[in-house]
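> predicted model and sequence below, questions to follow.
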Amino acid sequence: MNDPVKSELNICVLTVSDTRTGDTDKSGKVLVDLLTDAGHKLADKRIVPDDIYQLRAQVSQWIADRDVDVVLITGGTGMTGRDSTPEALSPLFDRQIEGFGELFRYLSYREIGTSTIQSRTVAGLANSTLVFCLPGSTGACRTAWNGILKDQLDVTHRPCNFVTQFPRFDEH
(Lines give C-alpha, C1' and ligand atoms only; values in the text may rest on other atoms or scores of the structure.)
Protein backbone atom coordinates (compact mmCIF):
# COMPACT_ATOMS: atom_id res chain seq x y z
CA MET A 1 0.00 0.00 0.00
CA ASN A 2 1.33 3.46 -0.87
CA ASP A 3 -0.23 5.17 2.13
CA PRO A 4 2.49 6.15 4.64
CA VAL A 5 0.19 5.22 7.53
CA LYS A 6 -0.05 1.54 8.35
CA SER A 7 -3.54 0.32 7.54
CA GLU A 8 -3.18 -3.09 9.20
CA LEU A 9 -3.50 -2.63 12.95
CA ASN A 10 -2.34 -5.11 15.59
CA ILE A 11 -5.41 -5.77 17.71
CA CYS A 12 -5.77 -7.80 20.92
CA VAL A 13 -9.11 -9.27 21.98
CA LEU A 14 -9.96 -9.87 25.62
CA THR A 15 -13.09 -11.68 26.74
CA VAL A 16 -14.13 -10.95 30.32
CA SER A 17 -16.00 -13.94 31.70
CA ASP A 18 -16.06 -16.31 34.63
CA THR A 19 -17.66 -19.04 32.50
CA ARG A 20 -16.44 -18.79 28.89
CA THR A 21 -13.81 -21.06 27.40
CA GLY A 22 -12.05 -20.97 24.05
CA ASP A 23 -14.83 -23.17 22.64
CA THR A 24 -17.75 -21.17 24.07
CA ASP A 25 -16.40 -17.62 23.57
CA LYS A 26 -18.76 -16.50 20.79
CA SER A 27 -18.26 -12.74 21.28
CA GLY A 28 -14.48 -13.02 21.19
CA LYS A 29 -14.71 -15.11 18.03
CA VAL A 30 -17.03 -12.53 16.41
CA LEU A 31 -14.53 -9.76 17.14
CA VAL A 32 -11.63 -11.82 15.78
CA ASP A 33 -13.57 -12.59 12.60
CA LEU A 34 -14.61 -8.96 12.12
CA LEU A 35 -11.15 -7.50 12.67
CA THR A 36 -9.40 -10.03 10.44
CA ASP A 37 -12.04 -9.64 7.71
CA ALA A 38 -11.26 -5.90 7.81
CA GLY A 39 -7.57 -6.60 7.16
CA HIS A 40 -6.22 -6.19 10.68
CA LYS A 41 -3.98 -8.62 12.53
CA LEU A 42 -4.98 -10.47 15.69
CA ALA A 43 -2.02 -9.82 17.98
CA ASP A 44 -3.33 -11.85 20.92
CA LYS A 45 -6.57 -13.22 22.37
CA ARG A 46 -7.28 -14.08 25.99
CA ILE A 47 -10.13 -14.88 28.36
CA VAL A 48 -9.87 -13.37 31.84
CA PRO A 49 -12.27 -13.73 34.79
CA ASP A 50 -14.29 -10.67 35.77
CA ASP A 51 -11.72 -9.51 38.30
CA ILE A 52 -10.50 -5.91 38.38
CA TYR A 53 -6.86 -6.77 39.00
CA GLN A 54 -6.62 -9.56 36.44
CA LEU A 55 -8.23 -7.27 33.84
CA ARG A 56 -5.83 -4.43 34.63
CA ALA A 57 -2.84 -6.78 34.55
CA GLN A 58 -3.68 -8.19 31.12
CA VAL A 59 -4.55 -4.86 29.53
CA SER A 60 -1.50 -3.21 31.13
CA GLN A 61 0.70 -5.85 29.53
CA TRP A 62 -0.80 -5.12 26.11
CA ILE A 63 -0.69 -1.32 26.38
CA ALA A 64 2.99 -1.55 27.39
CA ASP A 65 3.72 -3.43 24.15
CA ARG A 66 4.64 -0.93 21.41
CA ASP A 67 3.42 -3.39 18.76
CA VAL A 68 -0.18 -3.40 20.05
CA ASP A 69 -2.34 -0.69 18.49
CA VAL A 70 -5.83 -1.54 19.77
CA VAL A 71 -7.38 -3.63 22.55
CA LEU A 72 -10.99 -4.80 22.20
CA ILE A 73 -12.61 -6.06 25.39
CA THR A 74 -15.94 -7.87 25.41
CA GLY A 75 -17.88 -8.41 28.62
CA GLY A 76 -18.11 -7.00 32.10
CA THR A 77 -19.83 -3.73 31.13
CA GLY A 78 -23.27 -4.51 32.53
CA MET A 79 -24.91 -3.72 35.85
CA THR A 80 -24.41 -6.94 37.81
CA GLY A 81 -22.17 -7.17 40.84
CA ARG A 82 -19.41 -9.01 38.91
CA ASP A 83 -19.36 -6.52 35.98
CA SER A 84 -16.23 -4.47 36.63
CA THR A 85 -14.63 -3.73 33.26
CA PRO A 86 -15.19 0.08 33.32
CA GLU A 87 -13.90 0.33 36.90
CA ALA A 88 -10.90 -1.84 36.09
CA LEU A 89 -9.80 -0.08 32.93
CA SER A 90 -10.84 3.57 33.18
CA PRO A 91 -7.95 4.33 35.57
CA LEU A 92 -5.53 3.20 32.83
CA PHE A 93 -6.85 5.75 30.33
CA ASP A 94 -4.75 8.83 29.63
CA ARG A 95 -7.81 10.17 27.80
CA GLN A 96 -11.37 8.91 27.61
CA ILE A 97 -13.15 8.79 24.27
CA GLU A 98 -16.36 10.28 25.64
CA GLY A 99 -18.45 9.91 22.49
CA PHE A 100 -17.83 6.18 22.09
CA GLY A 101 -20.23 5.04 24.81
CA GLU A 102 -22.79 7.63 23.78
CA LEU A 103 -22.71 6.63 20.12
CA PHE A 104 -22.76 2.93 20.97
CA ARG A 105 -25.85 3.35 23.15
CA TYR A 106 -27.55 5.39 20.39
CA LEU A 107 -26.90 2.64 17.83
CA SER A 108 -27.86 -0.06 20.32
CA TYR A 109 -31.10 1.74 21.23
CA ARG A 110 -32.24 1.33 17.64
CA GLU A 111 -31.73 -2.43 18.02
CA ILE A 112 -32.73 -3.28 21.60
CA GLY A 113 -34.56 -0.22 22.87
CA THR A 114 -34.16 1.12 26.36
CA SER A 115 -32.27 -1.98 27.58
CA THR A 116 -29.16 -0.30 26.17
CA ILE A 117 -29.16 2.04 29.17
CA GLN A 118 -27.64 -0.84 31.17
CA SER A 119 -24.53 -0.86 28.96
CA ARG A 120 -21.56 0.88 30.56
CA THR A 121 -19.49 0.78 27.38
CA VAL A 122 -16.35 2.95 27.60
CA ALA A 123 -13.23 3.63 25.55
CA GLY A 124 -9.99 5.49 25.94
CA LEU A 125 -6.42 6.03 24.95
CA ALA A 126 -3.89 4.34 27.24
CA ASN A 127 -0.17 4.71 26.55
CA SER A 128 -0.96 5.46 22.87
CA THR A 129 -3.08 2.30 22.61
CA LEU A 130 -6.79 2.51 21.85
CA VAL A 131 -8.91 0.51 24.32
CA PHE A 132 -12.59 -0.24 23.67
CA CYS A 133 -14.76 -1.94 26.31
CA LEU A 134 -17.79 -3.59 24.71
CA PRO A 135 -20.72 -5.56 26.10
CA GLY A 136 -20.46 -9.34 26.12
CA SER A 137 -23.17 -10.19 23.60
CA THR A 138 -22.31 -11.04 20.01
CA GLY A 139 -24.95 -8.58 18.82
CA ALA A 140 -23.39 -5.74 20.80
CA CYS A 141 -19.93 -6.60 19.44
CA ARG A 142 -21.28 -6.49 15.88
CA THR A 143 -23.06 -3.20 16.59
CA ALA A 144 -19.89 -1.60 17.94
CA TRP A 145 -17.72 -2.92 15.11
CA ASN A 146 -20.07 -2.21 12.22
CA GLY A 147 -21.40 1.07 13.57
CA ILE A 148 -18.19 2.63 14.91
CA LEU A 149 -14.96 0.65 14.97
CA LYS A 150 -14.84 -0.57 11.38
CA ASP A 151 -14.68 3.01 10.09
CA GLN A 152 -12.65 4.55 12.89
CA LEU A 153 -9.94 1.87 12.55
CA ASP A 154 -9.79 2.33 8.76
CA VAL A 155 -7.08 4.71 7.56
CA THR A 156 -9.15 5.61 4.49
CA HIS A 157 -12.25 6.72 6.42
CA ARG A 158 -12.91 10.45 6.05
CA PRO A 159 -13.13 13.11 7.32
CA CYS A 160 -11.15 11.53 10.16
CA ASN A 161 -10.31 8.25 11.85
CA PHE A 162 -8.35 7.06 14.87
CA VAL A 163 -5.48 5.71 12.79
CA THR A 164 -4.36 9.17 11.68
CA GLN A 165 -5.14 10.93 14.98
CA PHE A 166 -2.40 9.54 17.20
CA PRO A 167 1.34 10.11 16.78
CA ARG A 168 2.19 6.46 17.37
CA PHE A 169 0.25 5.43 14.27
CA ASP A 170 2.11 7.99 12.19
CA GLU A 171 5.37 6.20 12.98
CA HIS A 172 4.38 3.13 10.94
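Thanks, I have the structure now. Quick caveat: nothing in here was measured; it's all calculated off a predicted structure.

> tell me the helices and strands packed up against the longest helix seen in the chain.
Secondary structure of the chain read by DSSP state H shows that its longest helix is helix 98-112. The helices and strands touching helix 98-112, judged by 3 or more C-beta pairs under 8 Å, 6 or more residues apart in numbering; DSSP states H and E, are strand 122-126, helix 138-144. Backbone N, C-alpha and C define where each C-beta goes, glycine included.

> my guess is Ile52 contacts Ser84. True?
Yes. Judged on C-beta atoms under 8 Å, Ile52 makes contact with Ser84 at a distance of 4.9 Å.

> just give me the neighbour total for Asp51.
15 (other C-beta atoms under 10 Å).

> I should have written Lys41 there, sorry.
Neighbours of Lys41 (other C-beta under 10 Å): 12.

> look up how far Arg110 lies from it.
Here Lys41 is placed at a distance of 31 Å from Arg110 (C-beta to C-beta, to the nearest Å).

> ok, the spatially closest residue to Ile112 that is not a sequence neighbour to Gly99 distance?
Of all residues not flanking Ile112 in the chain, Gly139 sits nearest, at 7.7 Å (C-beta to C-beta, 6 or more residues apart in numbering). From Gly139 across to Gly99, the span is 21 Å (C-beta to C-beta).

> thanks a lot, see you next time.
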